[in-house]
Every structure is written in C-alpha cells, then in structure tokens.
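Chemist: predicted model and sequence below, questions to follow.
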Protein chains: 2
Amino acid sequence: MYKFTNVLGTFMLDDKLNITTKKGPTKDVPEDKLLKVLTLFNDSKYFPDFYKKNVALTKKSLRDSVTQDLFIIQAVANLTELDKMCNILSKRLREWYSWYYPEFSQEVTDNQKYAELVLTAEKKSGMGADVKEIHLNEMFLLAKEITSLFALRKKHELYLEKIMKTYCPNILALAGVTVGAKLIELSRGLKRLALLPASTVQLLGAEKALFRHIKTGSKSPKYGCIFQHPLIQKAKRQDRGKAARQLADKLSLCARLDYFKGEFKGDEYRSKLEEKFL
Amino acid sequence: MYKFTNVLGTFMLDDKLNITTKKGPTKDVPEDKLLKVLTLFNDSKYFPDFYKKNVALTKKSLRDSVTQDLFIIQAVANLTELDKMCNILSKRLREWYSWYYPEFSQEVTDNQKYAELVLTAEKKSGMGADVKEIHLNEMFLLAKEITSLFALRKKHELYLEKIMKTYCPNILALAGVTVGAKLIELSRGLKRLALLPASTVQLLGAEKALFRHIKTGSKSPKYGCIFQHPLIQKAKRQDRGKAARQLADKLSLCARLDYFKGEFKGDEYRSKLEEKFL
C-alpha cells in the first residue's frame, strides 16, 4: 500500500495498482494516464522525481491562487485599520496639543484638518500654557505622522479604485470604492459575492444584528455595510429600508455582471436608483 | 445672600458681609483683605471687573496646572499606542507581502526589520505569485509608513529621556525610559508616585490581577509594569518576586528623591541591584 498526495488529492495505491481516494475509487482522474504513471511507482528510483514534480505543481497552484480578490481584501482591510489609527492618534494629538492651545480643538472638528493646521497655524489666544519648543516639537512630529497616515489612506483608495475599475467596474460604479471593496471583503471574493442572493448582500456586515434577531427576536437589521452608501445616507428615514433592498438587488446584479464579464450597467442602475430615492 | 466662585473655592456672602464657605466660615483666606474687597460687592457696577479678574485668575491657574508630568504621560501613552499600531500594520504587511514572497515572513521575525527589508531586499525564491507593480507599490507605501511609525516611536523615546533627565533623573537611571514613564503615567504624576508605598509601586499596572486575587483568592501578582525592567527579565525565575520587591523599594526611594529634589542616587541603586540579581 502506497499513499501519495498531490494537487489532485490524496490517493492510495495497492499492490495490484488499484487507485483509491478517500472518497472511494477515483473517477475524476483519467485512469489510463494515471496508470501509466503509477507503474513507475514500482521502482523507488523515480520517487525523487515524483517528489520534485509534486512540489512544483503545488507551488504553481499556490501561485495561481493569488487573485485580484486577495489584493482588494487586503487593501480595504488596511483602509479600515488606518481609519481606526487616524482616529486614535488624532484624539491623542487633540489632548496633547490642547495643553498648549485648548480652544483650537473646538474650532476645528475635522481630524485631518486639525493635524494639518497644528503644523501650520499660529497660536492665537492665551488660555493654554506656555509650552517649550521641545514639547511642541513632539506634537508636530505626531501631527506629521497623522497627515501621512491620512495620505496613505487616500492612496489606498485611489489604488483600490484603479484595480476595481478593471476587475469589477459595475460594482465600483454602483457602490463606490469603499463600500464595493468592503462587500468583496465580507463575501471573501467576487465569485462568492456573485453567487450570494441579494438579501444576503443587503445584510453583509450586519451579521451580529442578524443573529441577535434570529436568537432573541429583536428587530431584524435593514442594512449591513451598504448603510455607508450615499444613497441610503441621503434617503429619507422611512425610505431607507426600501432603498437598501433595491440597492442590494442591483449590487447583486452588478456582482454577477462583473464576475461573468458582462456588459457595463453600473452607472445606469445608479442613476435609476438616485432618481427614485433622492 | 450672594454666592461667588473663584479659584479659592465657593463663598457665600450674607447681608452683614460675613463670609462662609461650604465647609463653614472661612479661615484660609486673610479676612481683612477679603473684607476690603467684598464691601465692593454692595455696588453692582464692580461686577464686570470681578468677573474679568476671576476669568483671568482661572486662566492662570489652568495654565499653571500644565506640568511636566502631563507631557510625560501623553508621550508614553502615545508610545504604547504606536507600539500597538506598528504591530497591527506589520501583521497586515506580512500577510499582504506574503502573496508575493511567502518565505520572507519566516526568515525575518523582527517587525521593524521586515518593513525595512521589504523596501530594499530583492525577491529570491519562486514560491509566491507574480505580483504586478501596481500591487507591490501599495505594499511599499505601507512598509514606508511602518518604518516611519517606528521612527516616531524612537523619537518619542529620545524626547522622554531628555525631559526625564531633568525632571526625574533618579527614576530614569534606575527604571529606564519606558518603565519609568509608564510608572509616572500609571500613578498619574510624579507627586503621587512619590507618595505611594513601595508595595503599590511594585504592582502598578497589575490592578486587574490584584483585584482578581482579592476577589477570588487566585495567586497574588508579583509585579506590574516593572516586569518589563531588564533586571526582572534577566533574573532567575525563582528570584523574580524578590527582585521585583527590591526594585520597587528603590524605585519608591528614587521617586521621592526626584520629587523633593534630592541628590542623584539612581545609578548607585541600579548597580547594587544588578550585583545581587544578575
């Protein structure tokens, strides 16, 4: 009995050269071809060659498993993390810089702008302490870091837009960069997103609320990560559920168009939905 | 009855110009001086002046409340956050870059080095996928960001060392930058650290384990954030509790020396402890 594994699965070979897989005798593999190869197993001198070929095959299939999906998923996951970091560091900068210029934090609410203005603006009023150069310097370093994190975030977005334009133009047109990429991340790839029903697409990202609904009978969620879509953000409160359903509907169509390389309809869908709800 | 509040507290003034505070008749304030002022309260035309003076006083005391402690606390808190971020982003970079060059992540375990090498090193082996320039570019941007976060961390450390050298030289000498600043952060200022008993200093940062010990009777913690001190890291396992106790002892002395501007003994304590436990 000889057991061997390659990209096709795990096979057992008995003394009479019958091949079986874990699921029983194999059918998927062309038997005559395999038999020709397997007779060579009688002689152990071929084993190193088999081994080498097997490794090469595995490497190739590993290489081929890297798809556009993976890059989109990595980039959008990083985007989310960068957002979080920008928030944390901005909060720190506000706290820190406020010892020097307390009113400033209230005047400027946008985090990115705050960091930029710390670097350039002059202190105007006299509420804060007289902080020495050495302390201020550290705050400036932090502010610089924050602006560069924001810049990286922006670059990631542009990058995502670029690869999505060729990979999934319909989703990009209808959902925008962030929401579109998020959907691909949550469904773990365009293929699966294309195969999901629209009702699932509607709730991607709201799993927690959904299972709470199923378990405890609380209100069912109306939208997952598509909630961030401007169409839903701008829709009237009572229309939001309806908008989410129809948006998810069209998104699901778009995912299919993109996966099966269909025509470009994203813009058309989008303008139709905008007419209805805005 | 007139009630007024300023930096000295809240006062009540009755018709006969008797002053009382919440705690009863005031004693801390020189009464003759106050009375001279308070007679002016009979005329409301002075009220804007009082108001202005009061605001000015409050502003001044706000300004004066900004001490070195606060800067140390902010900087070391930021240090901790930066550490966390470097870790998160490095993990992301490893995952991302490994689609291109999977072996690399195992070869280089240090996060900072990994980010630096991604930027400079050539790909050697053939396990990973052939990744296009556009994807690689994003990874390089991320790697650059990570190295700059590490650089900021380093700068914060140097800055802390600089201000601690004048503000609390003994703690700096005995505990080092990170542990020393952490202790000040955890005790909310050098003053309070100087007033804490050594046994509390020993457990600063281990509050969770301490209360678990008190509540459920689990093992008592032996050290808080001083665990990161090289003296305890390098001590033999069975000596660690003893080393922590003696280190905390000396740290408490150092805090008092620093707060009350005593002589410099940090180095002496350190070398004595090192002799004992290393």
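Modeler: Done, it's in.
Chemist: residues in contact with residue A:219?
Modeler: For residue A:219, the contacting residues are residue A:213, by Cβ atoms under 8 Å, 6 or more residues apart in numbering or on different chains. For the C-beta atoms, the positions are set from N, CA and C on the backbone; glycine is no exception.
Chemist: could you do residue A:257 as well?
Modeler: The contact partners of residue A:257, by Cβ under 8 Å, 6+ apart, come to A:170, A:263-266.
Chemist: buried ones from the residues you listed, can you make that a ChimeraX selection?
Modeler: Only the buried entries of these go into this ChimeraX selection, using 16 or more other Cβ atoms under 10 Å in any protein chain shown:
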select /A:170,265,266
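Chemist: tell me the residues of the stretch 1-150 of chain A that contact chain B?
Modeler: The stretch 1-150 of chain A comes close to chain B at residues A:59, A:62-66, A:70-71, A:74-75, A:77-78, A:81, A:85, A:88-89, A:92, A:95-96, A:99, A:102, A:126-131, A:134-135, A:137-138, A:141-142, A:145, A:148-149, as judged by Cβ under 8 Å from any Cβ of the partner chain.
Chemist: in strands only, show me those.
Modeler: Of the residues of the stretch 1-150 of chain A next to chain B, none are assigned to strands by DSSP state E.
Chemist: which of these are buried? Put it as a PyMOL command.
Modeler: The buried residues among these can be selected in PyMOL (16+ other Cβ under 10 Å) with this line:
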select buried, chain A and resi 59+63+66+70+71+74+75+77+78+81+85+88+89+92+96+99+102+127+128+129+131+135+138+141+142+145+148+149
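Chemist: that older thread, could you dump the contacts of residue A:257 into JSON lines and include pLDDT, secondary structure and distance to chain B?
Modeler: Conversion of the contacts of residue A:257 to JSON lines gives the following (pLDDT from 0 to 100; DSSP: H, G, I helix; E, B strand; the rest coil; distance: Cβ to the nearest Cβ, whole Å):
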{"residue": "A:170", "pLDDT": "94", "secondary structure": "helix", "distance to chain B": "21"}
{"residue": "A:263", "pLDDT": "91", "secondary structure": "coil", "distance to chain B": "25"}
{"residue": "A:264", "pLDDT": "92", "secondary structure": "coil", "distance to chain B": "21"}
{"residue": "A:265", "pLDDT": "91", "secondary structure": "coil", "distance to chain B": "26"}
{"residue": "A:266", "pLDDT": "91", "secondary structure": "helix", "distance to chain B": "22"}
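Chemist: so of the residues of the stretch 1-150 of chain A next to chain B, which ones are in helices?
Modeler: With helices defined by DSSP state H, the entries of the residues of the stretch 1-150 of chain A next to chain B inside them are A:59, A:62-64, A:70-71, A:74-75, A:77-78, A:81, A:85, A:88-89, A:92, A:95-96, A:102, A:134-135, A:137-138, A:141-142, A:145, A:148-149.
Chemist: lowest average confidence, helix or strand, in chain A?
Modeler: The helix or strand with the lowest mean pLDDT-type score in chain A, counting by mean pLDDT, DSSP states H and E, is strand A:24-25 (a mean of 56).
Chemist: let's verify residue A:3: helix, strand, or coil?
Modeler: State at residue A:3, reduced to three classes by DSSP: H, G, I helix; E, B strand; the rest coil: strand.
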